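> dropping the sequence and predicted coords here.
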Amino acid sequence: MDNRVATLDATSDASRPSALAAALRHARYVLGENPVTAAAFALFGAFLIAAVAGPWLAPFDPLATDAARALQPPSSTHWFGTDQLGRDIFSRVLVATSLDFGMAFAAVALSFGLGCGLGALAGYYGGWTDRLVSRLSDTIMAFPLFVLAMAIVAALGNSVANIIYATAIINLPFYIRVARAEVNVRRNAGYVEAARLAGNGELRVLACHIFPNILPPVMVQISLNMGWAILNAAGLSFIGLGVRPPQPEWGIMVAEGGSYMISGEWWVSFFPGAVLMLAVFCFNLLGDGLRDLIDPRRRT
Amino acid sequence: MTASSTLLAVEGVRKLFPLGRGGVLDRLRGRRVPLLHAVDGVDFRIGAGESVGLVGESGCGKSTLVRLITRTLDPTEGAIRFDGEDLARIPARQFASAPQRPGIQMVFQDPTDSLNPRHTSRDAIAEPLRRLAGLSGRALAERVEEAAAQVQLPEALLGRYPHQLSGGQKARVGIARAIALRPRLLVLDEPTAALDVSVQAVILHLLADLKTRLGMSYLFVSHDLDVVRLLCDRVLVMYLGRIVEEGPAGELFALPRHPYTRALLSAIPGQAGAGAQRIRLEGDPVSPVDPDPKRCRFLGRCPEGEAACASASPVLLECGPGHRAACLRLPPPGGAG
């Protein structure tokens, strides 16, 4: 008996680090098989570093104006050039990452939480819950989404928090639909019935047995949606909602540089716009890779 | 069998599914929503340690009956007594926390569909033990390994995900999960239907072995009559939501009383008896939607049907010791039998 207990201990101790090692091995395998995904992850990493350490990495103060250096083209000192007030565009783009990513992350987290919750309940219980939730999402979808976001920010007040809420609300239907459909096809699966027989109450079955299984498709949705959320938040700032001028933000910077495009100072709009595009591109590529990482059936 | 040894008693259980919900207009006109009679007045008992086979063709209500007994579906009416307690009173949604939950467990038909793709074999077997027996840590690991050993699942496979297991291995995981709690009633819903023939035989031997070792009662649902003959003490034959014949396995197979049972038995391929003539049933069963209550449901397909069958619905009558059949053409009780 003592012998047996000892071996049990040994296996359970050994299994914990090996699970981590297996996860890392799996991640390496997925990334190694798919260089595009690896590139997307690298890009995402770079964006994350910029978002966290932007203010320290920036070579110039993003708010410091210098009329003597206004509208200088890209050079070795000012990599992305300077804007009409002589501020360093590279520093501003770098510092803006945290605000743009922060808004998109917060908005996506909100719509993921709320949307998947509502969608999963609708798909699981059906009936009135389903009808109520589905009509809610139809109602949101009935509006042109960007116009709805504008209206929400205009009604709630011009602030960053309201940009986040607006972006979260217009993204809700996508999460509701994905979660509802994915839960609906699984709610009578054999393993769900088995979970009920194992003494799981309804909500536990939904949260612990069905929900983890719908994560791969939801992950793809999240990733696609992140790019869209960044674009949306920047778009609202571009038309003058939410973020106020001195603050660096990609959308505002594109808007500010718009009038200089014609006179030849292309870099003022170009660089923030290009970084914005790169961020959206990165998230679109990330989606497939995330699904492969999170789906145990891809594990070898 | 005495009443005291009865483990499960199903009494007058019916499950009717409304077809559609019926619009407001229909309700105003007093039009009734058509009802599908999936299980329509079923009575039977399972004794402690007894194994009972339930046979019948696809769509006869076997699966619905199984879901009623495992309490994942609420019956429309009737009682399901387990150890004398009526489980039908506890709504299916609350049954997960009922004290009887560990006592009734189930082996599913499709081993792939019934295992969570994100759970390893160990997780799958541990789940009921963790939730219903409150085990954790070393005690849990020991019970999981014990259950795996009982179904001869190698310990090395416990860390694998379902997609890394073969069909037979998945079936073993499904059985280990069901017996881990040492249930008193194990419901097996065609446990070998999704397996290769060679694996089927191995799994059936395992099930027969487990039954004698663990002393559980089995409700064995199958459309494979040979399997039922091998494993079961008693057999229930179901047709369109009703039990048409029940009896001890040996007697029922030797001397089937209901024409439907006779047809089923004659359909077993490769029968030795040269005299056994194949009874071919023509047509489809009548619709289970709002069936005529004053008419035998087998009429139309019954090779022996007569005019009287169209005006009276037969009930189960004793036609031998422990042997009952529902057919008007049987001699009245006390007559010949």
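Sure, I can see it.

> would you mind listing what in the stretch 151-300 of chain A touches chain B?
Residues of the stretch 151-300 of chain A lying close to chain B (C-beta under 8 Å from any C-beta of the partner chain) are A:189-191, A:193-202, A:209, A:212-213, A:296-297, A:299. Using the backbone N, CA and C atoms, a C-beta is placed for each residue, glycine as well.

> now the strands for chain A?
In chain A, no strands are defined using DSSP state E.

> now do the stretch 1-150 of chain B
B:6-18, B:35-47, B:51-55, B:77-82, B:85-86, B:104-107 (DSSP state E, counting those that start in this stretch).

> any regions of chain A where pLDDT drops low?
Residue ranges of chain A with pLDDT under 70: A:1-18, A:295-300.

> what residue is smack in the middle of it?
The structure's chain A has its C-alpha centroid closest to A:Met226; by C-alpha atoms, centre = their mean the separation is 3.2 Å.

> residues touching that residue, list them.
A:104-105, A:108, A:283, A:286 (C-beta atoms under 8 Å, 6 or more residues apart in numbering or on different chains).

> closest one of the residues you listed to chain B?
A:Leu286 (21.4 Å; C-beta to the nearest C-beta).

> excluding its backbone neighbours, what's nearest the residue nearest to the centre of chain A?
Spatial nearest neighbour of A:Met226, chain neighbours left out: A:Phe283 (4.3 Å); criterion: C-beta to C-beta, 6 or more residues apart in numbering or on different chains.

> could you do B:Arg280 as well?
B:Ala263 (7.8 Å).

> and the helices in chain B?
With DSSP state H as the criterion, chain B has helices at B:24-28, B:62-69, B:121-132, B:137-150, B:167-179, B:197-214, B:225-231, B:249-254, B:259-266.

> can you show me the CA trace of the third one as CSV?
Okay, so that is helix B:121-132. Presented in CSV, the C-alpha positions along helix B:121-132 are these (Å, rounded to 0.1, in the frame of the first residue of the first chain):
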residue,chain,number,x,y,z
SER,B,121,-9.9,9.7,-19.8
ARG,B,122,-8.9,10.5,-16.2
ASP,B,123,-11.0,13.6,-16.1
ALA,B,124,-14.0,11.7,-17.6
ILE,B,125,-13.8,8.9,-15.0
ALA,B,126,-13.1,11.3,-12.2
GLU,B,127,-16.0,13.7,-12.9
PRO,B,128,-18.8,11.7,-11.3
LEU,B,129,-16.6,10.7,-8.4
ARG,B,130,-15.7,14.3,-7.8
ARG,B,131,-19.2,15.7,-8.1
LEU,B,132,-21.3,12.9,-6.5
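
> which other helices and strands does that helix contact?
Applying 3 or more C-beta pairs under 8 Å, 6 or more residues apart in numbering or on different chains; DSSP states H and E, one finds that helix B:121-132 contacts helix A:190-197, helix B:137-150, helix B:167-179.

> got a list of what the residue in the stretch 201-337 of chain B that chain A sits nearest to touches?
Here the stretch 201-337 of chain B gets closest to chain A at one residue, B:Leu219, 13.8 Å apart by C-beta to the nearest C-beta. Taking C-beta under 8 Å, 6+ apart as the criterion, B:Leu219 is in contact with B:8, B:46, B:51-52, B:54, B:66, B:69, B:185-188.

> kindly report the same for B:Ala79.
Applying C-beta under 8 Å, 6+ apart, the residues near B:Ala79 are B:9-13, B:86, B:88.

> export these to JSON lines and tack on pLDDT?
Below are the contacts of B:Ala79 laid out as JSON lines (pLDDT from 0 to 100):
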{"residue": "B:Ala9", "pLDDT": "91"}
{"residue": "B:Val10", "pLDDT": "91"}
{"residue": "B:Glu11", "pLDDT": "90"}
{"residue": "B:Gly12", "pLDDT": "89"}
{"residue": "B:Val13", "pLDDT": "91"}
{"residue": "B:Asp86", "pLDDT": "90"}
{"residue": "B:Ala88", "pLDDT": "87"}
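
> among the residues you listed, which ones are buried?
For these, a burial check counting by 16 or more other C-beta atoms under 10 Å in any protein chain shown picks out B:9-11, B:13, B:88.

> chain neighbours aside, what residue packs nearest to A:Gly115?
A:Tyr175 is the one closest to A:Gly115 (C-beta to C-beta, 6+ apart), at 2.6 Å.

> is it true that that neighbour touches A:Ala120?
No: using C-beta atoms under 8 Å, A:Tyr175 is not in contact with A:Ala120; the gap is 9.6 Å.

> wait, does stretch A:120-134 contact chain B?
No: with C-beta under 8 Å from any C-beta as the criterion, chain B is not reached by stretch A:120-134; the gap is at least 9.8 Å.

> what does that stretch contact?
A:118-119, A:176, A:179-184, A:187, A:202, A:206, A:210-211, A:214.

> export it to CSV, keeping only CA atoms.
This file holds the C-alpha atoms of stretch A:120-134, laid out as CSV (Å, rounded to 0.1, in the frame of the first residue of the first chain):
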residue,chain,number,x,y,z
ALA,A,120,-24.9,30.5,-24.4
LEU,A,121,-28.0,30.9,-22.3
ALA,A,122,-30.1,31.4,-25.4
GLY,A,123,-28.7,28.4,-27.1
TYR,A,124,-28.9,26.2,-24.0
TYR,A,125,-32.4,27.0,-22.7
GLY,A,126,-34.1,28.0,-25.9
GLY,A,127,-37.7,29.2,-25.6
TRP,A,128,-38.3,32.6,-24.2
THR,A,129,-34.7,33.2,-23.3
ASP,A,130,-33.7,32.5,-26.9
ARG,A,131,-36.4,34.7,-28.4
LEU,A,132,-35.5,37.6,-26.1
VAL,A,133,-31.8,37.4,-26.7
SER,A,134,-32.1,36.8,-30.5
